[in-house]
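[1] The amino acid sequence is not available; the structure is as follows:
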């Protein structure tokens, strides 16, 4: 299943910031630049209207604290990934930006493709985190179904537990949880060989 294009927004007083930052951006089919915003007092409100996945911001904008803009953006939408651009690699500036929530701080001039790869990496990481959160929620539902009542475990939950046990044959918790599901459903045919394997594992 193809992923939606990454929505990229620039906040900068330099109109040609995109091409200047990374010429490879124009050829990146998976990234769409949704807008360019100059520094202004209402930049956070306007920026969020674009629903960006990534905001690339010049750190050295006159009259505004880019780190505080990043902090305000993330307060409103914690999923936004903020990348700072700067001509100066000042350690205190970098710390200030990262403490405000910036995910990266790139020093201009960038290598060709550097911004594109940074954007892709951040979004891949965000998507993986979302996938893991979904997995944890599904596992929690599975455990709730096992331990909070005495009803049979739904087939969809059993199938999920079987899938996890097959992926992680050395994970004793996954195997034991599946065994509990089989026992709750009185599926002795499936429980018996699993119980044997668990017993062998416990004996070392």
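    Right, received. Where do you want to start? Computed from a predicted model, the values in this text were never measured in an experiment.
[2] which stretches of this protein aren't confidently modelled?
    1, 15, 18-19, 139, 142-150, 202-204 (pLDDT under 70).
[3] Could you pull out the strands in it for me?
    Applying DSSP state E to the chain gives strands spanning 6-11, 31-37, 54-58, 81-86, 104-107.
[4] Grab the longest helix from this protein for me.
    helix 114-147 (DSSP state H).
[5] for it, packing partners?
    Here helix 114-147 touches strand 6-11, strand 31-37, strand 54-58, strand 81-86, strand 104-107, helix 155-167, helix 172-184, going by 3 or more CB pairs under 8 Å, 6 or more residues apart in numbering; DSSP states H and E. All C-beta spots, glycine's among them, are computed from the backbone N, C-alpha and C.
[6] Could you list the domains of the chain?
    The chain breaks down by automatic domain parsing into domains covering 6-127, 149-202.
[7] that older thread, just want the angle from the longest helix of the chain to helix 172-184.
    40 degrees (axes from the mean of the first three to the mean of the last three CA atoms, to 10 degrees).
[8] Residue 120 versus the most centrally placed residue in the chain, what's the distance?
    Geometric centre of the chain, nearest residue: residue 126, 1.4 Å, by CA atoms, centre = their mean. Remark: distance between residue 126 and residue 120 (CB to CB, to the nearest Å) = 11 Å.
[9] what's the most buried one of the strands of the chain?
    strand 54-58 (a mean of 26; mean count of other CB atoms under 10 Å).
[10] Quick one: end-to-end distance for stretch 69-87.
    Terminal residues of stretch 69-87 are spaced 19 Å apart (CA to CA, to the nearest Å).
[11] Now do that stretch: distance to the chain's middle.
    Here the centre of stretch 69-87 is set off from its chain's centre by 15 Å, with CA atoms, centre = their mean, to the nearest Å.
[12] Likewise for stretch 171-180?
    On CA atoms, centre = their mean, the centre of stretch 171-180 falls 28 Å from the chain's centre.
[13] Equivalent analysis for stretch 24-41, please.
    That offset, for stretch 24-41, works out to 20 Å (CA atoms, centre = their mean).
[14] try stretch 5-14
    19 Å.
[15] repeat for stretch 119-136
    Centre to centre, stretch against its chain (CA atoms, centre = their mean), the figure for stretch 119-136 is 3 Å.
[16] likewise stretch 90-108?
    20 Å.
[17] now what about it, what contacts it?
    20-21, 59, 66-68, 70-71, 73-74, 81-89, 114-115, 118, 122 (CB atoms under 8 Å, 6 or more residues apart in numbering).
[18] wait, residue 22 sits on residue 117?
    No: with contact defined as CB atoms under 8 Å, residue 22 does not reach residue 117; the gap is 9.1 Å.
[19] and the domains of the chain as TSV, adding distance to residue 140?
    Output for these, formatted as TSV (distance: least, CB to CB, whole Å):
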stretch	distance to residue 140
domain 6-127	20
domain 149-202	11
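[20] ok, back up a step: thought residue 81 was touching the residue nearest to the centre of the chain, still the case?
    Yes: contact criterion CB under 8 Å: residue 126 and residue 81 qualify, at 6.4 Å.
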